[in-house]
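Chemist: the following block contains a protein sequence and its predicted model.
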Amino acid sequence: MVTSRDEDLKFLCHKIYGDKEVTKFTTGRVFNKDETKAFFHKKFAFEGLLGFAPIIEKATNEIIGHGGILKFNYYNNPNDYEFGYIFQKPSWGLGYATEIALGQIETIKKHFPASTVLATVHPENIASQKVLKKVGMEFIERIQISRGMRDVYMLK
């Protein structure tokens with residue numbers, strides 16, 4: 001399904017960045033409409049394979065979250081790429097995170113073969129930590145980034 005940018009933005013405002021529980025481990029707070037719109041225009045602007053895109057549930061053709069791949073520059077290494085995703089509450093615990101993580105890892109390995117595959121997660125986000133370990137990621141260290149404290153995981 002191809003979604004319109006208006007549909008994507010509306011979904012982000014209501015189901016992701018407007019939900020306190022969903023944003024607890026990502027932004028740490030809800031975004032107002034203007035903040036969501038600014039994030040959308042910055043991060044959903046693709047540069048090749050980099051950027052975020054909506055995640056569509058196959059059975060319903062509905063948007064359930066968004067994910068993508070970004071440069072991370074872990075220790076200033078130009079070959080570091082971070083993948084990530086965020087889902088609306090009704091889509092939690094259904095295996096989507098594992099499926100998306102595996103797809104994102106495959107994309108990084110295929111298109112950026114000399115790269116380091118990384119992911120960051122809030123230290124209290126146990127569910128996401130389990131997903132990262134399940135897909136072959138290993139905890140490296142805890143660091144402070146612009147979004148707060150994060151645990152860094154690297155593909156083994």
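Modeler: Sure, I can see it.
Chemist: show me what the helix or strand encompassing Asp151 is packed up against.
Modeler: Element membership for Asp151, per DSSP states H and E: strand 148-155. Packing partners of strand 148-155 (3 or more Cβ pairs under 8 Å, 6 or more residues apart in numbering; DSSP states H and E): strand 116-121, helix 126-134, strand 137-145. All C-beta atoms are positioned from the backbone trio N, CA, C, and that covers glycine.
Chemist: save these as CSV, and put in distance to Ala53 and mean neighbour count too.
Modeler: Listed next are the helices and strands packed on strand 148-155 as CSV, based on distance: least, Cβ to Cβ, whole Å; neighbours: other Cβ atoms under 10 Å:
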stretch, distance to Ala53, mean neighbour count
strand 116-121, 17, 22
helix 126-134, 19, 16
strand 137-145, 21, 12
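Chemist: what about the lowest-mean-pLDDT helix or strand in the chain, distance to the chain center?
Modeler: The least trusted helix or strand in the chain, going by mean pLDDT, DSSP states H and E, turns out to be helix 5-11, with a mean of 83. Using Cα atoms, centre = their mean, to the nearest Å, the mean C-alpha position of helix 5-11 is found 17 Å from that of the whole chain.
Chemist: for that helix, C-alpha coordinates in CSV please.
Modeler: Only the C-alpha atoms of helix 5-11 are listed here, as CSV (Å, rounded to 0.1, in the frame of the first residue of the first chain):
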residue,chain,number,x,y,z
ARG,A,5,2.2,12.0,3.2
ASP,A,6,-0.9,13.5,4.8
GLU,A,7,-2.0,10.1,6.0
ASP,A,8,1.5,9.4,7.4
LEU,A,9,1.6,12.6,9.3
LYS,A,10,-1.9,12.2,10.7
PHE,A,11,-0.9,8.7,11.9
